[in-house]
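1. Here's my sequence, what's the structure:
(chains A and B)
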Amino acid sequence: MLKKIIDWLDERLHLDGLLEPFRHKTVPTHKLSCWYFFGGITLFLFLIQLLTGILLLLYYKPGANEAFESVQYIVTRVQFGWLIRSIHSWSANLMVFTAVAHMFSVLFLKAYRKPRELTWITGMLLLFLVMGFGFSGYLLPWNQLAFFATTVGTQMAGQVPLIGQPILIFLRGGPEVTGATLTRFFGFHVAVLPGLVFVLIAIHLFFVQRQGMSVPPKVEKEWEQNPSLRREMKFFPNFALREMMAWYVAIGALGVLAALFPWDLGVKADPFGAAAAGIKPEWYFLFMYQTLKFIPAHIGFIDGEVLGIMGCGVVALLWMLLPFFDRERAGGKKSWMTGIGIFALVYVIVFTVYGYVAK
Amino acid sequence: MCSENVVNPEPVRRGLIGLFLGGGLLATFASFIYPVLRYFVPPQVADLGVDEVVAAKVGDLKPNASAIFRFGSKPGLLILDADGETYHAVSASCTHLGCTVQYKGDAKEIWCPCHNGVYNMNGANVSGPPPRPLQKFNVHVRGDQIFVSRNTEA
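-> Below is the predicted model of the structure:
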């Protein structure tokens, strides 16, 4: 029966040709193959975000007078509402983690090199969008922590010379963080960012599909010297099934975290209340937060904060253009890219932990 | 066809047509994008021109304690000195990144918990990242009401 339907469709639409590339797609098999899974897991977590996000939309109400109450309603009154919200929050955090892990694995396995520069750039743009999702979604429950996180975050954008103030007004929907900001962030979170992410994911996956999987240079060299070592597995069904297993593990981890550690709601935002002691941003912004804390109030004649924010922007831009700085030649000197990668990873870990324990 | 009969149209004319076409498309695009860009900018909320507010009543505050009050759309911080008589009023928006500051009675300083910025009782930035002092307001006690005002001549 199913075959009949497929044949019927195939006769009219020639689906066979569309699926053809997947039949030939292979995945290199070597001792570092496990790192190939992280992109897929990130995609899976994004799908979970999409589904739980749609579920939350059924009850969530944007607006300074309703947002907090509606989330409270979701987690206290709606059946399994606490679970859906908790999964949405945990999955968001795990997604940031797996996206960053994916980024560093691509860096260390040197998968960003020619011809995959554009895949790296689209990946970095996706990572920035994920952070945008995190930042905009954080405000939506309209609690005190989120209120000040948004105040600080948008104020940081406002520090950029010349265009800072217009950006601040655009983000906040006015000079202060108010209900207008909440409405805007809601729009970004559920419409603007998903639209952009869909387009970029499609391009990113198209590039990956078109170029095939990258083999790390070290492995490639071994294979060239001894072609009998070369191993590949079919993408479908061999790799796809393994990926499914990874997804299954991910959903298990997610369920455990969401059920055992339900996400806190906090107290409702009060624009005229003092910021609570010990207030900190989410863990994935901690390293930046801790870095900015070390910059003095003034460096020469400019505000330290302005310099710090501009510095972060420049580093992010350079990081995105990283493939174009890797000028390693076969047999030449060792690339310094691995060194940079290790430095960045250690820096991020140390400053994240420091930011977490520091007063 | 028609095009075969045309012998080398004058490049000037072609360029002019290109200019009209391109210019027209550009103008059309501009007429789309301009309203959208303007739409992004929220309408100005009439600042009610608040220059003076009643921050609290005499007796609301204990000595060496503070309260946050609304000054227009921004928070202000009113502190009663340990002597029980002198009031200090400053803007409660940290000059660093805009968090709302609080008064720490034990250290007699104003503290911003977001990035550990410290000001003295008069709002002068003492340590941490704040680049500027907090805006200082005037305090007058009339009857049992504490009025806070800002200098309008500036």
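2. show me where chain B has helices.
-> With helices called from DSSP state H, chain B shows them at B:2-5, B:11-40.
3. neighbours of residue B:131, just the number please.
-> For residue B:131, the tally of surrounding residues (other C-beta atoms under 10 Å in any protein chain shown) stands at 16. For glycine as for every other residue, the C-beta is placed from the backbone atoms N, C-alpha and C.
4. what residues does chain A put near chain B?
-> With C-beta under 8 Å from any C-beta of the partner chain as the criterion, chain A comes near chain B at residues A:148, A:151-152, A:155-156, A:166, A:169-170, A:173-176, A:180, A:271-279, A:289, A:292-293, A:295-298, A:303-305, A:359.
5. swap the cut-off to 6 Å and go again
-> Contacts of chain A with chain B, taken as C-beta under 6 Å from any C-beta of the partner chain, map to A:148, A:151-152, A:155, A:170, A:173-174, A:176, A:272, A:274-275, A:277, A:279, A:293, A:297, A:303.
6. farthest pair in those?
-> Using C-beta to C-beta, the residues of chain A next to chain B span at most 31.4 Å, a distance reached by A:170 and A:277.
7. Which one of the two is surrounded by more residues?
-> Under the neighbour definition other C-beta under 10 Å, residue A:170 and residue A:277 were set side by side, and residue A:170 has more, 16 against 10.
8. What helix or strand is the more buried one located in?
-> Under the assignment given by DSSP states H and E, the secondary-structure element containing residue A:170 is helix A:164-172.
9. For that helix, give me every contacting residue.
-> Applying C-beta atoms under 6 Å, 6 or more residues apart in numbering or on different chains, the contact partners of helix A:164-172 are A:154, A:157-158, A:181, B:40.
10. Stretch A:290-307 now?
-> With contacts defined as C-beta under 6 Å, 6+ apart, stretch A:290-307 is touched by A:159, A:308, A:351, A:354-355, B:115, B:129, B:131.
11. go on, stretch A:235-255?
-> A:22, A:25, A:27, A:37, A:40-41, A:44, A:90-91, A:233.
12. do that again at 10 Å, thanks
-> A:19, A:21-27, A:29, A:33-34, A:36-45, A:47-48, A:83, A:86-87, A:90-91, A:93-95, A:98, A:209, A:212-213, A:232-234 (C-beta atoms under 10 Å, 6 or more residues apart in numbering or on different chains).
13. Show me those residues that map onto helices.
-> Counted as lying in helices by DSSP H, out of these, are A:19, A:21-24, A:37-45, A:47-48, A:83, A:86-87, A:90-91, A:93-95, A:98, A:209.
14. can you list the helices of chain B in TSV and add mean pLDDT?
-> Output for the helices of chain B, formatted as TSV (pLDDT from 0 to 100):
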stretch	mean pLDDT
helix B:2-5	54
helix B:11-40	89
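15. Pull out the buried residues from the ones in helices among the contacts of stretch A:235-255.
-> Buried members of the ones in helices among the contacts of stretch A:235-255, scored by 16 or more other C-beta atoms under 10 Å in any protein chain shown, are A:37-45, A:48, A:83, A:86-87, A:90-91, A:93-95, A:98.
16. What is whatever helix or strand residue A:343 lives in packed up against?
-> Using DSSP H and E, the secondary-structure element containing residue A:343 is helix A:337-357. On a contact count with 3 or more C-beta pairs under 10 Å, 6 or more residues apart in numbering or on different chains; DSSP states H and E, helix A:337-357 meets helix A:81-108, helix A:283-294, helix A:304-320.
17. Go again with 6 Å.
-> When contacts are defined as 3 or more C-beta pairs under 6 Å, 6 or more residues apart in numbering or on different chains; DSSP states H and E, helix A:337-357 packs onto helix A:81-108, helix A:283-294.
18. Packed most tightly, which of these would that be?
-> Here the criterion is mean neighbour count by mean count of other C-beta atoms under 10 Å in any protein chain shown, and of the helices and strands packed on helix A:337-357 the winner is helix A:81-108, at a mean of 21.
19. I'd like to check the angle between it and helix A:337-357, please.
-> Between the direction of helix A:81-108 and that of helix A:337-357, the angle (axes from the mean of the first three to the mean of the last three C-alpha atoms, to 10 degrees) works out to 150 degrees.
20. quick one: helix A:81-108 to helix A:283-294, angle?
-> Orientation check (the same axes, to 10 degrees): helix A:81-108 against helix A:283-294 gives 70 degrees.
21. got the angle for helix A:81-108 vs helix A:304-320?
-> Angle of helix A:81-108 versus helix A:304-320, following the same axes, to 10 degrees, is 70 degrees.
22. Find me the pLDDT at residue 48, would you?
-> Let's take chain A. What the model reports for residue A:48 is a pLDDT of 96.
23. my bad, the chain I had in mind was chain B
-> Per-residue confidence for residue B:48 comes out at a pLDDT of 61.
24. Tell me which of the helices and strands packed on helix A:337-357 lies nearest to residue B:13.
-> Proximity to residue B:13, assessed across these by C-beta to C-beta, is greatest for helix A:81-108 (53.4 Å).
25. who touches the residue of chain A found nearest chain B in this structure?
-> Among residues of chain A, the one nearest chain B by C-beta to the nearest C-beta turns out to be residue A:274. It sits 3.8 Å away. Going by C-beta under 6 Å, 6+ apart, residue A:274 touches B:100, B:102.
26. ok, and the helix or strand in chain B with the lowest average confidence?
-> Taking mean pLDDT, DSSP states H and E as the measure, helix B:2-5 is the helix or strand of chain B with the lowest mean score, a mean of 54.
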